[in-house]
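>>> 3D model of this:
(one chain, ligands or ions: 2)
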Amino acid sequence: MIKLYWHKIYKFLLDILFPIECIGCGKEDVWLCQQCFTAIKLKEIDSCPACKKISSFGKTHEWCREQTSLDGLVVAAPFGDKLLQDVIHKYKYNFIKELAAPLSEILINKIIKLDKKEDKPNWTSLLFSSDLILLPIPLHKKRLRWRDFNQAEMLSKKLASNFCLNHRPYILKRKRYTAAQIELKREQRLANIKNVFQVAKEWRDKLKNTKILLVDDVATTGATLNECARTLKKYGVREVWGLVLARG
Ligand SMILES: [Zn+2]
Ligand SMILES: [Zn+2]
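Ligands and ions are numbered 1, 2, ... in the order given. Next comes the predicted model:
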């Protein structure tokens, strides 16, 4: 309880120190004005989650399948976008929940853009099928207490309601608390995340042949998404894709 209390004081101080103004241009009373929002461009070229080389729709290359449990990864915007980086940072570390709205809109726009592609092959039906289950990367309850909300879950919830998809944030849980991936080197990240997730008991016999889209804010090595996908596939999930705002 005491942590929650400090969190509220911290948020209160942030509100005083940083009054509402556009993160991009400083315009008053809005966290991200329409003009700055439009300046955040969607990623034009999609790439394989394992080798990062070009691959339409972000599908995992056949020859890269041994390296990842993900069937594909859709990245909405280029990581080099400084404004987007700032917005994500303010969302996660200054706890500005209102930013979930424009950030989820970026994800929605990317999906719509992919859907409009003329060369859309059959396998992309995953991203647009009505039986798709949306799942945010879960936070450990210790971190959830600290932040007061799961930043990935707020995005996946808005996405699910926009496309009328199933949103099931409680399928995956974190078994143990881990250091934030951002503080670790690549090899450490892989070891840090191994066997961290588990499928909730009530879901273990309900996942056979399902299709899942994992949602997170950013991916770096993709180790977290990959580990979630690996855990889900142990229970017969047929296809697992990832969707993130940016990849560092
Ligand atoms: Zn602005
Ligand atoms: Zn590849």
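
>>> quick one, what contacts the residue nearest the centre of the chain?
The centroid of the chain falls nearest to Asp216 when counting by CA atoms, centre = their mean (1.2 Å). When contacts are counted by CB atoms under 8 Å, 6 or more residues apart in numbering, Asp216 touches Pro136, Ile137, Ala152, Thr224, Leu225, Gly242, Leu243, Val244. Where you see a C-beta, it was placed from the backbone N, CA and C, and this is true even at glycine.

>>> pretty sure the last one sits against Ala76.
Yes - judged on CB atoms under 8 Å, Val244 makes contact with Ala76 at a distance of 7.0 Å.

>>> neighbour-wise, which of those two wins?
Between Val244 and Ala76, counted using other CB atoms under 10 Å, the more crowded position is Val244 (28 against 23).

>>> show me what contacts that one?
Applying CB under 8 Å, 6+ apart, the residues contacting Val244 are Leu73, Val74, Val75, Ala76, Val215, Asp216, Asp217, Val218, Ala219, Leu225.

>>> all strands for this protein, in order.
72-75, 133-136, 166-167, 172-174, 197-199, 211-219, 239-247 (DSSP state E).

>>> in TSV, list these along with distance to Cys33 and mean pLDDT.
Converted to TSV, those look like this (distance: least, CB to CB, whole Å; pLDDT from 0 to 100):
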stretch	distance to Cys33	mean pLDDT
strand 72-75	24	96
strand 133-136	27	95
strand 166-167	29	95
strand 172-174	35	94
strand 197-199	38	95
strand 211-219	21	95
strand 239-247	19	95
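
>>> with distance to ligand 1 added, can I get those strands in TSV?
Listed next are the strands of the chain as TSV, based on distance: least, CB to the ion, whole Å:
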stretch	distance to ligand 1
strand 72-75	24
strand 133-136	28
strand 166-167	30
strand 172-174	36
strand 197-199	38
strand 211-219	21
strand 239-247	18
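
>>> contact residues of the protein facing ligand 2?
Applying CB under 5 Å from the ion, we find that the chain lies next to ligand 2 at Cys48, Ala50, Cys51, His61, Cys64.

>>> which one of these has the most neighbours?
Neighbour counts for the residues of the chain next to ligand 2 (other CB under 10 Å) peak at Cys48, which has 23 neighbours.

>>> any idea how far stretch 190-199 is from the chain center?
17 Å (CA atoms, centre = their mean, to the nearest Å).

>>> in CSV: the strands of the chain, plus distance to Cys36.
Below are the strands of the chain laid out as CSV (distance: least, CB to CB, whole Å):
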stretch, distance to Cys36
strand 72-75, 21
strand 133-136, 26
strand 166-167, 28
strand 172-174, 34
strand 197-199, 36
strand 211-219, 19
strand 239-247, 15
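
>>> top of the contacts of Val244 by neighbour count?
Neighbour-wise, the contacts of Val244 (other CB under 10 Å) top out at Leu73, 30 neighbours.
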